[in-house]
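*Asks:* The sequence isn't on hand, but the structure is:
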């Protein structure tokens, strides 16, 4: 089987950095991956305690269909192992895909969206990373998009680099959010497109995401849309890596008031610079902020210095200190720190 086919996937980040192959015969493979991650964390305004840092387990399978087509399936669940809750597993990813070198790749299910291939280029450090793309990301399709049908294709341009094109669609759905008062949001058909261009270690990326949403307490639907651009240099975890993200959003982000009101016009910024030494020590500095353009208010702004060290391929130690750079909502600044370890299954 030509395993390069699976790398054509919509140019999204893989959550399966290390996996154990259990079966590989007659054009079919099966492996198990994921990680267990735990950290000691604290802040100026909170207590110190243990926290799980996005742990997960996943099952991955591929099957050669013949004539150049390869089918693959993935199931991934978040692990809840610290507080003993009833929901020990919650779905992160679940999809079926079909890939062909010439015709591209089609995927159906809960998956990393094409939008994330642009907005998520700075979402790399373990302790503190990109936050703004995860506001209602499953329904809006900005991160792990739920119930999405997507298509992507990579074009090899020789010395001129590589061009990736992708599109995604989510149908109508309703989602009830539990809080002081249960609110049901109604989502209309949503669509997105993404462009990714790579050459000589650099990348330039653009994505557009749009669709109508009735946020329950409102009397009419609004259009939630985003234009996002990003650029990178290098590969995270290998020498120098630089990434920057700028998003122009309408009805995508919430403010920092107690009732978390929807912002009609907001801007989001994310920047990351990292350098991995030959001894596997990876140092990074990132910055993120969200601004309410109509009110000329900073919703939040943070910067974090972090370090990750690969003791082995499967065992990584990490630490980070995030500085709260302030906001315009009179919310008290709260610097945070984290020290932990990640074991890849």
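*Replies:* Arrived safely. All figures in this text were calculated on a predicted structure; none of them were measured in a lab. Numbering: from 1, shown residues only.

*Asks:* Let me see the contact set for the closest residue to residue 236 other than its chain neighbours.
*Replies:* Distances taken as CB to CB, 6 or more residues apart in numbering put residue 124 closest to residue 236, at 4.5 Å, once the chain neighbours are dropped. (Each C-beta comes from the backbone N, C-alpha and C, glycine too.) Counting by CB atoms under 8 Å, 6 or more residues apart in numbering, residue 124 touches 236, 241, 243, 272, 274, 284.

*Asks:* Look at the nearest residue to residue 140 once chain neighbours are set aside and report its pLDDT.
*Replies:* Nearest residue to residue 140, sequence neighbours excluded (CB to CB, 6+ apart): residue 224, at 6.0 Å. pLDDT recorded at residue 224 is 97.

*Asks:* Can you get me a residue count around residue 224?
*Replies:* Residue 224: 25 surrounding residues under other CB atoms under 10 Å.

*Asks:* Surely it touches residue 192?
*Replies:* No. With contact defined as CB atoms under 8 Å, residue 224 does not count as touching residue 192 (11.3 Å).

*Asks:* Give the residues shared as contacts by these two.
*Replies:* Common contacts of residue 224 and residue 192, defined by CB under 8 Å, 6+ apart, comprise residue 210.

*Asks:* Over to the residue lying closest to residue 253 once chain neighbours are set aside: give its phi and psi.
*Replies:* With CB to CB, 6+ apart as the criterion, residue 253 has its nearest non-adjacent residue at 4.4 Å, and that residue is residue 266. Main-chain torsions, residue 266, degrees, to the nearest 10: phi -130, psi 160.

*Asks:* Residue 293 versus residue 266, what's the distance?
*Replies:* Going from residue 266 to residue 293 by CB to CB, to the nearest Å gives 6 Å.

*Asks:* And residue 57, by the same measure?
*Replies:* The value you get for residue 57 to residue 293, if CB to CB is used, is 41 Å.

*Asks:* between these two, who's got more neighbours?
*Replies:* Taking neighbours as other CB under 10 Å, residue 57 and residue 293 compare with residue 57 leading, 17 against 14.

*Asks:* In the sheet, which residues pair with that one? Tell me.
*Replies:* Beta bridges link residue 57 to residue 34, residue 77 when assigned by DSSP bridges.

*Asks:* what's near enough to touch it?
*Replies:* By CB under 8 Å, 6+ apart, the residues touching residue 57 are 32-34, 76-77, 79, 89, 345.

*Asks:* any idea what sits nearest the spatially most central residue of the chain, other than its immediate chain neighbours?
*Replies:* Taking CA atoms, centre = their mean, the centroid of the chain lies closest to residue 143, which sits 4.6 Å from it. Of all residues not flanking residue 143 in the chain, residue 137 sits nearest, at 3.3 Å (CB to CB, 6+ apart).

*Asks:* so where's this protein uncertain?
*Replies:* In the predicted model, the chain carries pLDDT under 70 at residues 1-17, 83-86, 178-181, 217-219.

*Asks:* which residues of it fall in helices?
*Replies:* Ranges of helices within the chain are 116-119, 137-140, based on DSSP state H.

*Asks:* need the ones you listed in TSV with mean neighbour count and distance to residue 204, can you?
*Replies:* Output for the helices of the chain, formatted as TSV (neighbours: other CB atoms under 10 Å; distance: least, CB to CB, whole Å):
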stretch	mean neighbour count	distance to residue 204
helix 116-119	28	10
helix 137-140	22	23
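
*Asks:* want to throw those helices into a markdown table with distance to residue 322?
*Replies:* A markdown table is the format used below for those (distance: least, CB to CB, whole Å):
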| stretch | distance to residue 322 |
| --- | --- |
| helix 116-119 | 20 |
| helix 137-140 | 20 |
